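A.B. asks: Build me a model from this:
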Amino acid sequence: MVPGARSAALLEVLEREKLSRAGRIDALKALERHVAWLQARQVGLLADVDADGVEAAPDERWPQWDVNWACDEVACALRLSSNTAADRLAVATALDERFPATVTLLEAGEICYLQARAMTEITHTLDPETASAVEAMVVGTMPSQSVGQTRRAVNRAVLKADPEGADKRHRRRKEDRAIWHQAAEDGMATWTALLPAHQAAQLDAAVDAHAATYTDTDRTLTQKRVDALYDLVVNRPTPNAVPGGTTPMPGGRSAAVVQITVSLDTLIGADEEPGDLKGYGPIGAAAVREVAFAPGTIWRRLITHPRSGLLIKTDPTTYRPTTETRRHVITRDHTCTFPTCHMPAHRCDLDHIQPFNHTHPETGGHSEPDNLIPLCRHHHLLKHHTPWTVTRDTHTGTTHWTAPTGHHYTNPPHTH
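C.D. replies: Numbers count the residues shown, from 1 in each chain. Alright, predicted model coming up:
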């Protein structure tokens, strides 16, 4: 059956224990077709939400900032990161506006969402007419292809449809270069970079060359390559470094700074409670102590509430927070306090929840921790120039946000 509301209602009859081996495969395919049908319907809704969320710049001080609060509400409603929500909206809008044939295949369950997404990702630098030509070239064969095959087919079609534009597309894509990281399990993380292919090749060559200087045999080549990348970025070896070792570059450059919050009992080995690595999350006690007792490590004492784990303590009635207050808020909250944002607090603005009264500072809106939250620049502007509002519970540390649609979202405190 072509997937739809009527066929979806019948899926309940597919009882796992009553299916034959072949029937399980047929049922799996039926479910996948209905997943695609639901995703096609979601694409349409997301495109509508994206259009609803666009408003003209509401403040003459920020004429370059066109407000689209749809991304932030979708992130909160679906419990996604802001980047993931923005990606979902961009894909949905592109499919809705530029690729009707692809959406039709998705709604019929003949292709999967990842194939439809590939169409938008690979063609996003093309003008609408060229993008339509690319779709026409590949849409007929997409139902019989895997996701990887679809990506290769779309890439070939782009080169056929616009062979002269390859250099222009590369220049546009070069603007997307970025570095990001993601926490993994067991105290590990993934560190990723998007950069021009020739630079990636040069980076690989430099890593391989430095890894070749390690003469020990207790590390695999893969492990040596990772260690070489770390050495090249953090320790910055000089040409005269001893093979297999590193020598910091001269010139008084600032050392890389990481912040770990840990209890004194863990630090001295009285217990094995995890610490918290800023920007990543929990790491094991042994890893904490390895960093804590490394040469050059600086310790700062923080006082937290014994039950809630919230950071305690400050004063002022000046608009700009003191250094102590700023350090307190950054350490307390760790990240932007919008529900789905993970921008590190030290890169954020400190914003007054109750506005600071510049005429009569003593009347309220003080620059003290209970009235300050870190907000990345995007969510700072969102708070001041759109209908989004925020409050903070000083007892629990939870921030409460209300969206323009009236929906409410909460962001729990970071506990130490």
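
A.B. asks: can you pull out the strands in the stretch 301-416 of the chain?
C.D. replies: In the stretch 301-416 of the chain, the strands defined using DSSP state E, counting those that start in this stretch lie at 349-352, 372-375, 389-392, 399-402, 408-411.

A.B. asks: Check which helix or strand the spatially most central residue of the chain maps to.
C.D. replies: The C-alpha lying nearest the average C-alpha coordinate of the chain belongs to residue 83 (CA atoms, centre = their mean; 5.0 Å). Residue 83 belongs to helix 82-98 when elements are defined using DSSP states H and E.

A.B. asks: Any chance you could list what contacts the helix or strand in which residue 209 is found?
C.D. replies: Element membership for residue 209 (DSSP H and E) is helix 197-211. Applying CB atoms under 8 Å, 6 or more residues apart in numbering, the external contacts of helix 197-211 come out as 193, 195, 221, 224, 225, 227, 228, 229, 231, 232, 237. Placement of C-beta: from N, CA and C, glycine included.

A.B. asks: which one's the longest helix in this protein?
C.D. replies: helix 21-53 (DSSP state H).

A.B. asks: Quick check: the gap between residue 172 and residue 338.
C.D. replies: Distance of residue 172 to residue 338, given as CB to CB, to the nearest Å: 29 Å.

A.B. asks: Show me the beta-bridge partners of residue 374.
C.D. replies: Counting by DSSP bridges, residue 374 is bridged to residue 350.

A.B. asks: Going along the chain, name the strands of the stretch 101-250 of the chain.
C.D. replies: For the stretch 101-250 of the chain, the strands defined by DSSP E, counting those that start in this stretch occupy 178-183, 189-194.

A.B. asks: I'd like the ones you listed as TSV, with mean neighbour count and distance to residue 282 appended.
C.D. replies: Listed next are these as TSV, based on neighbours: other CB atoms under 10 Å; distance: least, CB to CB, whole Å:
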stretch	mean neighbour count	distance to residue 282
strand 178-183	11	9
strand 189-194	12	12
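
A.B. asks: Can you flag the weakest of those strands by average pLDDT?
C.D. replies: Of all those, mean pLDDT reaches its minimum on strand 178-183 (a mean of 86).

A.B. asks: just the strands of the stretch 301-416 of the chain: most buried one?
C.D. replies: Of all the strands of the stretch 301-416 of the chain, strand 372-375 has the most neighbours on average by mean count of other CB atoms under 10 Å, namely a mean of 26.

A.B. asks: Output the contacting helices and strands for it.
C.D. replies: Judged by 3 or more CB pairs under 8 Å, 6 or more residues apart in numbering; DSSP states H and E, strand 372-375 is in contact with helix 323-333, strand 349-352.

A.B. asks: how far does that strand sit from the chain's center?
C.D. replies: Distance of strand 372-375 from the chain centroid (CA atoms, centre = their mean, to the nearest Å) equals 19 Å.

A.B. asks: Tell me the backbone dihedrals of residue 141, please.
C.D. replies: The phi and psi values for residue 141, taken as degrees, to the nearest 10, are phi -100, psi -10.

A.B. asks: Could you report the pLDDT at it?
C.D. replies: pLDDT for residue 141: 95.
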